[in-house]
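> I'd like to go over a predicted model; first the sequence, then the structure.
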Amino acid sequence: MQEADGKTGVLTAVAMSVATLMIAQHIAGKATRDALFLTYFDIAQLPKVMMVGAVVSVAAVVLMSRLLTRYGPQRLMPPLYVASALLLGAQWLLSESLPKVAAVALYLHVSALNSILISGFWSVINERFDPHAAKAVVARLTAATTFGGLLGGVAAKTVAGAADTHAILLMLAALHLACAGGVAFLGRGQLRLQSKGEAPRNLLAPLKSNPLVRRMALLALLVATTAAVLDYLLKAEASATLSSEDLISFFSYFYMAVGLGTFLVQLAVGNKALRWLGLGGSMAAWPLAILLTGGGAMLFRSLVTVTLMRASANLLYNSFFRAGFELLYTPIAPADKRTGKVLIDVGADRAGDLLGGLVVMAILVLPVAAESFLFIAALTLAAICFALILMLHRGYVGQLADNLRSGQVRPETLEIVDATTAKTVASTQAVLERDKLLRDIAALRSGAGAAPAMQDARPHGDVDRVTEAIIDLRSGDPARIRRALASHSMTAELLPHAVRLLQDERVLREVLRTLRKMASSGAGQLVDALLDPLQGPLVKRRLPLVLAHSSSPLALQGLSDGLEDPDWNVRLRCAQALEAMRRRHPQLRASEERLLRRVEVEVRALSGAGGGTLDQRVQLLFLLFGALYEPDTLELCWRALQSSDRGLRGTALEYLENRLPAHIWTHIQPLVAPGHVKPKKKATLQQAARDLAKAASSLKPKRSRAGDTPAADSLD
């Protein structure tokens with residue numbers, strides 16, 4: 001395992017290096033491309049080369065898809081990176097004698113080939129890492145690409161200042177040679193090989209069969225068209241305002257600022273925007289920013305206002321819009337998703353460049369006020385995008401709900417990171433459970449209303465078995481109750497009668513075993529019972545033992561609500577259940593803000609009156625920390641703090657100080673670390689966790705749990 005982890009670590013480091021260099025090369029290439037083209041050509045020629053670049057890119061995508069199917073990304077991508085480096089070297093040689101040819105060649109190279117190389121790199125990553133490892137790797141690669149954007153702008157400015165703009169072409173070639181070596185290293189030992197003989201699916205098939213894909217493709221087309229118009233406005237203003245010597249510095253600083261802004265937004269917000277605004281709100285931030293800044297730029301046109309308009313659009317696209325747009329693929333069937341993603345991400349994007357060029361050329365032929373009409377076109381396109389986002393939001397919710405009802409998508413397979421998906425899953429499951437209950441009630445009533453003679457004449461059917469099971473469950477006879485639990489499948493109409501048996505110690509083990517099988521499908525009824533203020537206290541304390549085995553977002557929400565219960569024992573059991581769900585289903589995450597607020601309430605209550613001993617109330621905090629962070633490591637911390645080993649306790653305290661929010665650590669430190677001397681050297685969170693795991697290997701594996709019932713009353 002250690003060797004495997006070490007190999008994964010090396011591969012991750014190489015992948016991060018390649019991602020950084022690849023994006024740095026792309027950003028530096030874009031700055032150089034724009035500067036060289038505007039140096040040797042009039043701005044009126046820009047729409048033409050944009051359209052040619054779009055056509056070349058589409059042709060390259062078709063060729064690339066065939067080559068990938070035949071050879072696979074691990075064999076194809078290193079030679080392509082080398083070929084790109086050789087082409088850049090040839091462009092450098094041409095830049096002195098035929099600068100215009102070199103400028104056009106670089107524009108087409110960066111616009112068409114670079115996007116192919118970036119897409120191919122991600123194909124290598126997808127096939128090199130298994131799905132579990134890929135989650136952590138992709139998160140690190142995202143950070144590496146953000147840093148690469150900053151590095152690319154700095155490198156372009158530095159090289160241009162030390163030599164000249166043409167010298168940057170050699171730097172770009174060197175970066176792609178380095179990428180070729182890194183991608184070749186990553187491609188060795190590919191985990192998943194391309195399937196041979198698999199016929200490629202028709203690219204247009206998802207458009208015909210799936211309305212959500214059609215709307216996504218239309219939105220991607222309009223977004224790319226809007227971006228093309230905004231690009232022209234920025235470059236036209238820069239060309240009219242700056243000298244040719246200042247263009248490379250301007251575009252370098254522009255892309256550098258956008259990269260830094262994206263990094264800061266991701267650092268401050270991350271996925272919180274999806275949880276706060278939902279899918280539609282995150283995407284809508286992009287057109288709204290264009291409408292706001294574009295209106296100001298049209299009224300007070302200058303290089304500053306136009307730059308602000310384009311920079312805000314780029315920043316919100318990279319940080320907010322793209323995150324929301326990627327989630328639109330969630331309810332799409334896998335076959336449509338694989339083909340549709342290529343169609344949307346590449347085909348629609350490049351078609352948008354082509355359409356944008358046509359829009360710009362059409363407006364430029366107007367005799368007067370062409371630039372004002374360009375602003376109006378950009379704002380109009382942004383408004384259309386905003387309206388389409390609202391339609392897509394409704395379409396996404398409807399498609400996801402339909403897939404949940406039909407069983408094409410299971411709730412436990414969804415990695416829910418946004419408010420829209422969580423709400424859709426919860427509401428759809430509630431409707432499904434309610435509909436099932438209504439159908440069962442209707443069947444029961446229809447059976448009860450049948451003619452007595454017919455009932456007597458026919459053998460016992462489903463309705464009779466249900467009635468008999470209810471009578472047995474409510475009989476109070478342990479033998480009859482056990483027989484009913486063993487001989488009948490638990491259904492929605494039997495569930496309330498089984499729940500009330502949680503207070504019967506004689507059959508507790510059998511009731512828990514039966515209810516846990518319904519923990520996901522009956523989550524709605526179980527949560528209702530947990531939150532019912534008239535429910536018996538013992539039943540409420542034991543319901544979390546059942547919900548801990550659920551994979552439903554409804555159970556997660558219900559247990560979070562249960563943390564507000566006035567009964568301390570109920571809160572403790574809900575915290576235990578949330579921690580257990582985090583272990584069993586890491587993709588299900590309770591609201592971090594809500595749990596932290598609950599932690600703050602429990603911390604403030606430590607010094608006052610309340611249920612449980614002080615140690616048990618501190619244990620409740622550690623269970624909440626486990627539901628928030630790494631449950632295994634937090635369990636080690638809890639056991640270590642009760643150990644007599646001073647060094648082990650110190651290691652646990654060091655981890656907690658690094659992991660917990662400062663204001664919470666300040667309140668609980670006196671309780672868990674009386675007289676503890678803080679180490680002189682502050683360890684990192686990762687180092688503290690490793691030290692804790694190593695030092696705690698001698699501890700007993702079983703953790704003491706607070707409870708009020710026999711051994712059957714357990715989360716396991």
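That came in fine, so what should we check first?
> rest of the way, CA atoms for contacts and neighbours
Noted.
> can you pull the buried residues of stretch 570-584?
Buried residues in stretch 570-584, counted by 16 or more other C-alpha atoms under 10 Å: 570-583.
> pull the helix or strand with minimum mean pLDDT from this protein.
Least confident helix or strand, the chain: helix 452-457 with a mean of 40, by mean pLDDT, DSSP states H and E.
> Just after that helix, pick out the following helix or strand.
helix 462-473 (DSSP states H and E).
> Does anything pack onto the following helix or strand past that next one? Which helices or strands?
Next along the chain after helix 462-473, taking DSSP H and E as the criterion, comes helix 478-487. Counting by 3 or more C-alpha pairs under 8 Å, 6 or more residues apart in numbering; DSSP states H and E, the packing neighbours recorded for helix 478-487 are helix 462-473, helix 508-517.
> So for T262, which of the ones you listed sits nearest?
Within the helices and strands packed on helix 478-487, the stretch nearest T262 is helix 508-517; the backing value is 45.0 Å (C-alpha to C-alpha).
> quick one, the closest one and helix 478-487 angle?
Orientation of helix 508-517 against helix 478-487 (axes from the mean of the first three to the mean of the last three C-alpha atoms, to 10 degrees) gives an angle of 20 degrees.
> can you tell me the average pLDDT over the following helix or strand past helix 508-517?
Sequence-wise, the next helix or strand downstream of helix 508-517 (DSSP H and E) is helix 523-531. The average of the pLDDT scores along helix 523-531 is 89.
> can you give me how far the next helix or strand after helix 523-531 is from the chain middle?
For helix 523-531, the succeeding helix or strand toward the C-terminus, using DSSP H and E, is helix 537-547. How far helix 537-547 lies from its chain's middle: 32 Å, per C-alpha atoms, centre = their mean, to the nearest Å.
> ok, and what's touching the helix or strand that helix 537-547 is followed by?
For helix 537-547, the following helix or strand on the C-terminal side (DSSP H and E) is helix 553-562. Applying C-alpha atoms under 8 Å, 6 or more residues apart in numbering, the set of residues contacting helix 553-562 from outside is 411, 422, 425-426, 429, 520, 523-524, 527-528, 530-531, 544, 547-548, 570-571, 574-575, 577-578, 581, 588-590, 595.
> mind listing which of the buried residues of stretch 570-584 are in helices?
Counted as lying in helices by DSSP state H, out of the buried residues of stretch 570-584, are 570-583.
> List the contacts of K48.
Per C-alpha under 8 Å, 6+ apart, neighbours of K48: G357, M361.
> got the buried residues for the helix or strand where it lies?
Assessed by DSSP H and E, K48 sits inside helix 46-71. By neighbour count on 16+ other C-alpha under 10 Å, the buried set for helix 46-71 is 46-47, 49-58, 61, 64, 68-70.
> Quick one: distance of it to the chain centre.
With C-alpha atoms, centre = their mean, you get 29 Å for helix 46-71.
> Do me a favour and average the pLDDT over it.
79.
> Beyond that helix, next helix or strand please.
helix 73-97.
> which residues touch the helix or strand that comes right after that next one?
Scanning forward in sequence from helix 73-97 by DSSP H and E, the next helix or strand is helix 99-108. With C-alpha under 8 Å, 6+ apart as the test, helix 99-108 has contacts from 33-34, 36-37, 40-41, 49, 52-53, 56, 88, 91-92, 94-95.
> Quick check: of the residues you listed, which lies closest to L221?
G53 (15.7 Å).
> Where does R617 fall, secondary structure wise?
R617 belongs to helix 614-628, assigned by DSSP H and E.
> Remind me what that helix packs against, helices and strands.
On a contact count with 3+ C-alpha pairs under 8 Å, 6+ apart, helix 614-628 meets helix 568-584, helix 592-604, helix 631-641.
> the inter-axis angle of that helix versus helix 631-641?
160 degrees.
> Check the offset of helix 614-628 from the chain's centre.
That offset, for helix 614-628, works out to 28 Å (C-alpha atoms, centre = their mean).
> CA atoms only for it, dumped as CSV, please.
Provided in CSV are the C-alpha atoms of helix 614-628 (Å, rounded to 0.1, in the frame of the first residue of the first chain):
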residue,chain,number,x,y,z
LEU,A,614,-18.6,17.0,30.6
ASP,A,615,-16.6,14.2,28.9
GLN,A,616,-19.7,13.1,27.1
ARG,A,617,-20.5,16.6,25.9
VAL,A,618,-16.9,17.0,24.7
GLN,A,619,-17.3,13.6,22.9
LEU,A,620,-20.4,15.1,21.1
LEU,A,621,-18.2,17.8,19.8
PHE,A,622,-15.7,15.3,18.5
LEU,A,623,-18.5,13.4,16.7
LEU,A,624,-19.5,16.6,15.0
PHE,A,625,-15.9,17.2,14.1
GLY,A,626,-15.8,13.7,12.6
ALA,A,627,-18.9,14.5,10.5
LEU,A,628,-17.2,17.7,9.3
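> Show me what that helix is in contact with.
572, 575-576, 578-582, 589-590, 592, 595, 599, 602-603, 606, 611, 631-635, 638, 706.
> Isn't G324 up against L277?
No - checked against C-alpha atoms under 8 Å, the pair G324 and L277 is beyond contact range at 9.9 Å.
> one step back: could the helices and strands packed on helix 614-628 be laid out in JSON lines, adding mean pLDDT?
JSON lines is the format used below for those (pLDDT from 0 to 100):
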{"stretch": "helix 568-584", "mean pLDDT": "89"}
{"stretch": "helix 592-604", "mean pLDDT": "84"}
{"stretch": "helix 631-641", "mean pLDDT": "80"}
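> For G296, find the nearest of the ones you listed.
Using C-alpha to C-alpha, the nearest of the helices and strands packed on helix 614-628 to G296 is helix 592-604, at 36.0 Å.
> how about the closest one: buried residues?
So for helix 592-604, counting by 16+ other C-alpha under 10 Å, buried means L595, L596, R598, V599, E602, V603.
> which other helices and strands contact it?
Using 3+ C-alpha pairs under 8 Å, 6+ apart as the test, helix 592-604 ends up in contact with helix 614-628, helix 662-672.
> And the chain, split by domain according to the record?
Listed domain ranges for the chain are 1-188, 205-251+261-420, 519-612, 629-704 (source: automatic domain parsing).
> Mind listing what's buried along stretch 311-329?
311-321, 323-325, 327-329.
> and of the buried residues of stretch 570-584, the nearest to A156?
Nearest member of the buried residues of stretch 570-584 to A156, counting by C-alpha to C-alpha, is R582, at 45.7 Å.
> And that closest one, how far from L364?
58 Å (C-alpha to C-alpha, to the nearest Å).
> Could you pull up the contacting residues of S312?
Neighbour list for S312: A289, I290, T293 [criterion: C-alpha under 8 Å, 6+ apart].
> Distance check, it against T293.
Taken as C-alpha to C-alpha, the span from S312 to T293 is 8 Å.
> Helices of the stretch 201-350 of the chain, residue ranges please.
Secondary structure of the stretch 201-350 of the chain by DSSP state H, counting those that start in this stretch: the helices cover 205-209, 211-241, 244-268, 272-299, 303-316, 322-327, 334-342, 349-364.
> Dump the ones you listed to CSV, plus mean pLDDT and distance to D472.
Shown next, in CSV, are those (pLDDT from 0 to 100; distance: least, C-alpha to C-alpha, whole Å):
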stretch, mean pLDDT, distance to D472
helix 205-209, 70, 51
helix 211-241, 89, 50
helix 244-268, 81, 58
helix 272-299, 84, 46
helix 303-316, 92, 61
helix 322-327, 73, 48
helix 334-342, 61, 46
helix 349-364, 88, 64
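> and A498, which of those is closest to it?
helix 272-299 (35.8 Å).
> what's the angle from the closest one to helix 211-241?
Using the same axes, to 10 degrees: helix 272-299 against helix 211-241 is 40 degrees.
> buried set for helix 272-299?
For helix 272-299, by 16+ other C-alpha under 10 Å, it's 272-275, 277-291, 293-295, 297-298.
> Take the helices of the stretch 201-350 of the chain and lay them out in CSV including distance to E493.
Shown next, in CSV, are the helices of the stretch 201-350 of the chain (distance: least, C-alpha to C-alpha, whole Å):
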stretch, distance to E493
helix 205-209, 39
helix 211-241, 37
helix 244-268, 48
helix 272-299, 35
helix 303-316, 50
helix 322-327, 36
helix 334-342, 36
helix 349-364, 52
